[in-house]
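> Predicted model and sequence below, questions to follow.
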Amino acid sequence: MDFGPYLFLASLEGAVTAAVLALTAAGLSLVFGIMRVVNVAHGEFFMLGAVIAWWVASLAGGHPAVGFVLALVIAPLIVAAIAALADFLVLKRVQYDPERTIVATIGLLYIIQQTVLMTYGPEARPVEAPFNHRIYFPWFGYSTYKFFVIGAAIALLLGLWLVMTRTRLGIVLRATQLDRETALAFAIPVERVYALTFGLGAGLAALGAVLVVPIQQAHYLMGGDPLLLSFIVVIIGGLGSLAGTVVAAVLIGMSDGIISVFFSPTLAKIIATLAVALVLVFRPQGLFGKAAR
Amino acid sequence: MTPTAKAFLLHGGLVLALVAGHFILPEYHQGNLARIMALAVYAMGYNVLFGYSGLLSLGHAMFFSAGMYGMGLSVQHLGFGAGPAFVCGILAGVVLATAVGVLALRTTGVAFMIVTLMFSQAVFLTILYFTPWTRGDEGFVIQPVDRMLFGIDLSDATYRYFAALVLFAIVMLATSRLIQAPFGRVLIAIRENEERTRMLGYDVYRHKLGAVILSGTISAVSGAAYGLLFGYVGASFASVQYSILPLLWVLLGGAGTIVGPFLGTLFMFYLIDLTSSITTAYMLLAGAALVLLTLFAPEGLAGSFRRRLAPWLP
Amino acid sequence: MTTNDKKDLLATRRDILKGAAAGAGALAATSALPGFVRYAQAQSSEPIKIGFQVHRTGIGAAYGRWYDRVTTAAAKLINDGGGINGRPVEIIAEDDGTDPKRGAEVVEKFASQHKCDIAYGTLFSHVVMGSAPRAGELKIPYFVVSEGHHVASGALNRYTLQPGICDVKSQVKSMAPFVTQNLGKKVTMIFPDYAFGHDHRDFFSAAVEANGGQIIEKIAIPPTETSFTRYFPKIPRETEVIYHVMVGPAVLTFVKEMGEFYGPNKPQIFGFIDSLEAVDLNSPGLEFLDGTYFWEGMPRYAQADQTPYDKFYRDHVGVDGNGASTADAKDVSTYAHMFGCWETLFVIKAGMEAAGYQGTGDRTKLIEAVEAMTDMAQSNEHPQGAKRFNGKTHQVFGPQYISKVEGGKLVVQHQTSIEDGLYDDEVDYTTQAL
């Protein structure tokens, strides 16, 4: 294929990756920014979203779009509820201590993963896309659903931004992020805010997963990659900065797509990985973060 | 009795118990203990950085695999014997740890975690990229003829057990010496309060770099030894999972204690081994155990012991 | 032994058992069958313990579940037929997490804790590589069902054997002529950047060139990859045949995205069924596969000329004519691989009978008895086809199937012969000490 079309295709693919990644990473970023804990089980919430989407879609029957739309609503809610419960049962009790939270969420990771393996099984199962036309460019065909993923992610992120900046809930969340003690003093129920944040973060991951599951498949080990990538994006974007996270997701997603044009696939991965590491080495606060607090 | 004497008794007692284990325990558990001791070395290496210096790395699998591949590749492609190959493995660890240390120590906290994770991922992918030499994920076998060290056949169960024990004892002694030496004291001071240590005039960066190199090297020793003792070198040992394992072992056993890494490795091994015969979802039980431990014994086994009964525990 | 004798063996034996229960007179008639006599006279009915190393968790879990079912079915059949040397077979399964380190530990557990007679059943080649050294040191026969070239390459040891499934080198060598003669000469290969993928690359390249073809591009995909579209532009325009082999949970994405990318104007496509193992061929997005070709270890869909052995095997394992579970039509099996478990267990049985195997002291006799095996006829014990075992390389050789997707089913177009897949020995394990 000629260079131009190839680059175009790689950019499209990069944009799809970036869209899903931005949603997932935004969830992790919220949790990180507000609660100051690293949620290692974040990828498993992503996986749960995909698995529940499959479950909802296969129960719904009828036109694939029915199941998909239902999944888009139900899966994030269930996942958010599970996450809030985990917050209540575990994280609250370790007082959100950073290190203990890491271990506890590693424990959660295994619990979720194995429960899914035992109930849902080891297969990778597809969810049918709500619509699936192909656009024929002169050089290649491309699924229209992928454009929908990009659009949906943008809409959802805008919605999140509106919630954070224009609503009371957003003020409460931001206040808690800025200063937990002062927020408490202003009668903000910080405990409930934390549970809500943890649920919201997991729900965003689940949303990303529902969007991606018609492209990929639901599988019990699918949480590893989104976790790693979200981590990277959150750090590169600057801790707790939602805008930074989104920009970093676009940057990482696109560069992942475009680097693959120039190098053999595995070498491209190595280069992309090292590039991320080196960005952090020479700009530890992330590309958009302020210097260390 | 002074704390030092008590600590000496404890560590000596552990080594003696392990010696006795070879004569008392059934064959199966001897084999397990040999593994656990070799891996406990890895955990102790990790503990130098995490437990004593307060730096949380998520990429130690790169050091473990550097040791393993430094050893394995020199056997496979350079025809080295076990001794020189072992040295190659350690050197690979030193070089990698120095390079990673110099770069990664520009960061702290979460960024340090991610940078080490990324470097480790790059090492993993590099092993796959060079599949013609490394055989990638499949790895390769170190044949018994290549596992003769000073005329000792490391593929023999008894020799393997004692080789692992000697290594374990040496590293345990070395780390317990280290934390009493001025260098180790400064590391602990950095863990407790980096700013204050710097103001007292210590070169924090050089001490941290020393800790990374030491920790990486001990991890590489473990990796090289593991490959020699069990005859297999493979890329799965470089995967993320093997970076998370030492963290778990150390946290379970008790970060910043000398016996903690061993206890954590032992506990985790048998947790999986025993539960796997009850249910296929043994990782579910392992996960539940982790959650429960963080809830009820956050300082790990040895840490809780120290807090409740034995404040002298090193 | 002729095909007919073999075929009737199991049925006969079971009938005889019933007869024996009915009356003592029948006992005299059975004395012609050595296996049965031992059963009747056995001093000890201690079971023969077969340690089954199974991928219940980890990336191999979808395969592991079916390996488990086949193993259970074969063991039941063996026990219904009187066991081995008069002793029932007990399968002791342990999960290895599809991890080489745990795999080695599981082999140790079989040998020294469960006191198993043998270890058996591993699929993923990195687990085989990690476990085999321990099997050799513990001197426990280790029968793998992996299709890797590791056994025949000489990398392992005398205690490791692969008597139930062909290795990748043989598979690829026997199929290459079909590809170059019927599909095209200019081939682009897409494979995972694993050792397994590299074996495909190396052996298939060599075989294609030997048959007058040419590999014009080799695309190695990193194993962690979950989306593939951006790699397809690397496929040169003049490509006549795409040869693809992918493994892992992302395989369906791979095939779907290939369809989206090409649409109707696709080159010929030849895939290893690994790319779609345990995946329903009628999944949404796979319509474009119609008219493409697949290698199959054993035909997933019951063919028009189905052998009675295939039917027998399907019935016992619980697989319908579409290769799915009889209990759940959506539960598609790993049909192209799992026959290896069945055949391996019957090789073990035959080996133990030939060696007069009584206990762990006879392990070396068992190895020698299996090494002495050569031709095995197509039969209920070998439903995939006739086999030829090479005692020196510890590797079995058999037929391969090339199928075309027609109307959502795989229809066999060509069956290779055993000779097509033979290659020069790379090792002689019999020279190693036991």
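Received it, and whenever you're ready, just let me know what you need.

> what about residue 91, how many neighbours?
I went with chain A, as the question did not name one. Look at A:Leu91: counted by other Cβ atoms under 10 Å in any protein chain shown, it has 25 neighbours. C-beta here means a position set from N, CA and C on the backbone, and glycine is covered the same way.

> you looked at the wrong chain, it should be chain B
Neighbours around B:Leu91, by other Cβ under 10 Å: 18.

> what does C:Val245 give?
By other Cβ under 10 Å, neighbour count at C:Val245 equals 24.

> Over to A:Leu251?
With other Cβ under 10 Å as criterion, A:Leu251 counts 18.

> ok, it to C:Pro249 distance?
According to Cβ to Cβ, to the nearest Å, A:Leu251 and C:Pro249 sit 27 Å apart.

> can you check A:Ile252 too?
Taking Cβ to Cβ, one finds A:Ile252 at 22 Å from C:Pro249.

> More neighbours: the two, which one.
A:Ile252 (26 against 23).

> What mean pLDDT does the helix or strand where C:Asp310 lies get?
Taking DSSP states H and E as the definition, C:Asp310 sits inside helix C:308-317. For helix C:308-317, the mean pLDDT works out to 93.

> Using PDB, write out every CA atom in it.
Taking Å, rounded to 0.1, in the frame of the first residue of the first chain, the C-alpha atoms of helix C:308-317 are listed here in PDB:
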ATOM      1  CA  PRO C 308     -16.700 -44.900  11.700                       C
ATOM      2  CA  TYR C 309     -13.700 -44.100  13.900                       C
ATOM      3  CA  ASP C 310     -14.400 -40.400  13.800                       C
ATOM      4  CA  LYS C 311     -18.100 -41.000  14.700                       C
ATOM      5  CA  PHE C 312     -17.000 -43.300  17.500                       C
ATOM      6  CA  TYR C 313     -14.700 -40.600  18.800                       C
ATOM      7  CA  ARG C 314     -17.200 -37.800  18.500                       C
ATOM      8  CA  ASP C 315     -19.900 -39.900  20.300                       C
ATOM      9  CA  HIS C 316     -17.700 -40.700  23.200                       C
ATOM     10  CA  VAL C 317     -16.300 -37.200  23.700                       C
END
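
> Enumerate the residues of the stretch 251-400 of chain C near chain B.
Taking Cβ under 8 Å from any Cβ of the partner chain, no part of the stretch 251-400 of chain C reaches chain B.

> now the helices for the stretch 251-400 of chain C?
With DSSP state H, counting those that start in this stretch as the criterion, the stretch 251-400 of chain C has helices at C:251-262, C:308-317, C:335-355, C:363-371.

> which SS class is the nearest residue in space to B:Gly70 that is not next to it in sequence?
With Cβ to Cβ, 6 or more residues apart in numbering or on different chains as the criterion, B:Gly70 has its nearest non-adjacent residue at 2.9 Å, and that residue is B:Ala92. Put simply, B:Ala92 is helix when judged by DSSP: H, G, I helix; E, B strand; the rest coil.

> Return the set of buried residues in the host helix or strand of A:Ala25.
Under the criterion of DSSP H and E, A:Ala25 resides in helix A:3-35. Across helix A:3-35, burial judged by 16 or more other Cβ atoms under 10 Å in any protein chain shown covers A:6-35.

> thought the residue nearest to B:Gly70 was touching B:Ala220?
Yes: assessed by Cβ atoms under 8 Å, B:Ala92 is found in contact with B:Ala220 at 6.3 Å.

> Common neighbours of these two, please.
Jointly contacting B:Ala92 and B:Ala220 under the rule Cβ atoms under 8 Å, 6 or more residues apart in numbering or on different chains are B:66-67, B:70.

> Which one (most neighbours) among those residues?
B:Gly67 (34 neighbours).

> Against which helices or strands is the host helix or strand of it packed?
According to DSSP H and E, B:Gly67 maps onto helix B:61-78. Under the contact definition 3 or more Cβ pairs under 8 Å, 6 or more residues apart in numbering or on different chains; DSSP states H and E, helix B:61-78 sits against helix B:82-104, helix B:109-129, helix B:131-134, helix B:204-230, strand B:232-233, helix B:241-253.

> Only alpha carbons, please: show it as PDB.
Extracted in PDB, the C-alpha atoms of helix B:61-78 (Å, rounded to 0.1, in the frame of the first residue of the first chain):
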ATOM      1  CA  ALA B  61      11.400  -9.100  36.300                       C
ATOM      2  CA  MET B  62      13.900  -7.400  34.000                       C
ATOM      3  CA  PHE B  63      16.700  -8.000  36.500                       C
ATOM      4  CA  PHE B  64      15.600 -11.500  37.200                       C
ATOM      5  CA  SER B  65      15.500 -12.300  33.500                       C
ATOM      6  CA  ALA B  66      18.700 -10.500  32.900                       C
ATOM      7  CA  GLY B  67      20.400 -12.900  35.200                       C
ATOM      8  CA  MET B  68      18.600 -15.800  33.700                       C
ATOM      9  CA  TYR B  69      19.300 -14.900  30.100                       C
ATOM     10  CA  GLY B  70      22.800 -13.700  30.800                       C
ATOM     11  CA  MET B  71      23.400 -17.200  32.200                       C
ATOM     12  CA  GLY B  72      21.400 -19.100  29.600                       C
ATOM     13  CA  LEU B  73      22.500 -17.400  26.500                       C
ATOM     14  CA  SER B  74      26.100 -17.700  27.400                       C
ATOM     15  CA  VAL B  75      25.600 -21.400  27.900                       C
ATOM     16  CA  GLN B  76      23.600 -21.800  24.700                       C
ATOM     17  CA  HIS B  77      25.600 -19.700  22.300                       C
ATOM     18  CA  LEU B  78      29.000 -19.200  23.800                       C
END
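
> Find the nearest non-adjacent residue to the residue of the stretch 201-314 of chain B at minimum distance from chain C, please.
Nearest residue of the stretch 201-314 of chain B to chain C: B:Gly231, at 3.4 Å (Cβ to the nearest Cβ). Leaving aside its sequence neighbours, B:Gly231 sits nearest to C:Pro133 (Cβ to Cβ, 6+ apart; 3.4 Å).

> same thing with A:Leu287?
Closest to A:Leu287 by Cβ to Cβ, 6+ apart is A:Ile236, at 5.7 Å.

> What mean pLDDT does the helix or strand hosting that neighbour get?
In this assignment (DSSP H and E), A:Ile236 forms part of helix A:224-237. On average, the pLDDT along helix A:224-237 is 84.
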